[in-house]
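Engineer: whatever this is, show me its structure:
(one chain, ligands or ions: 1)
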Amino acid sequence: MLFKLKILFISMIIFGITYLSYNIYDYWNFNHNPIDINLEMAISKKRDELINRTLEFYGIYLPVPIKIENIPNRLYGITTLSKNGSITIILNKKIFKESFNYIIESVLPHEFAHAIMFHRGKINGDGHSNEWREICIQLRGKKCDQYVNIEDIIIEKL
Ligand SMILES: [Zn+2]
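Structural biologist: Predicted coordinates for the structure are as follows:
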């Protein structure tokens, strides 16, 4: 009986270590390797869709570059406007894996709507206005919530 318990106990420890190692490996892999090709393709596809929709509804061709980087907080993404007027969307690599669909369906249209606002010259920091919300909905964003409590736009001081 005692022997059986020992075997069970040891098996559980081995399983635990294996499971943990796999997770650490997986996490390490994700942080040190380029983004999975499937994820990259899904982003690229969504980006094309947003560019087309912007052209169709607003008559603006806005090929905003989308970068995937580590953002040092829990933001899903940010839209930046540089001094020279160029607009970039940055998606947070850190929280990418756990919420991929959310990023594609909600975050990308949300950030793209900020990009259109920048393009329209709305750079007063009024991030989630009615105008922004209408654009976000037009872009078929799944979450065009105006009451986002964290600011997710960065405007370089002109
Ligand atoms: Zn926002």
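Engineer: and the contacts of stretch 91-103?
Structural biologist: Stretch 91-103 is contacted by residues 30-31, 35, 39, 42-43, 66-71, 74-77, 107-108, 111 when judged by CB atoms under 8 Å, 6 or more residues apart in numbering. Every residue, glycine included, has its C-beta placed from N, CA and C.
Engineer: spatially central residue for the chain, please.
Structural biologist: Leu91 (3.8 Å; CA atoms, centre = their mean).
Engineer: and the gap between that residue and Asn101?
Structural biologist: To Asn101, Leu91 is 13 Å away according to CB to CB, to the nearest Å.
Engineer: cool, Ile7 as well?
Structural biologist: For Ile7 relative to Asn101 (CB to CB), the value is 42 Å.
Engineer: what does His110 give?
Structural biologist: For His110 relative to Asn101 (CB to CB), the value is 14 Å.
Engineer: just the C-alpha atoms of stretch 6-16, please, in CSV.
Structural biologist: What follows is stretch 6-16, C-alpha atoms only, in CSV (Å, rounded to 0.1, in the frame of the first residue of the first chain):
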residue,chain,number,x,y,z
LYS,A,6,5.0,6.3,-3.3
ILE,A,7,4.7,5.4,-6.9
LEU,A,8,1.6,7.5,-7.3
PHE,A,9,3.3,10.4,-5.5
ILE,A,10,6.4,10.2,-7.7
SER,A,11,4.2,9.9,-10.9
MET,A,12,2.4,13.1,-9.9
ILE,A,13,5.7,14.9,-9.3
ILE,A,14,7.0,13.8,-12.7
PHE,A,15,3.8,14.8,-14.4
GLY,A,16,3.9,18.2,-12.7
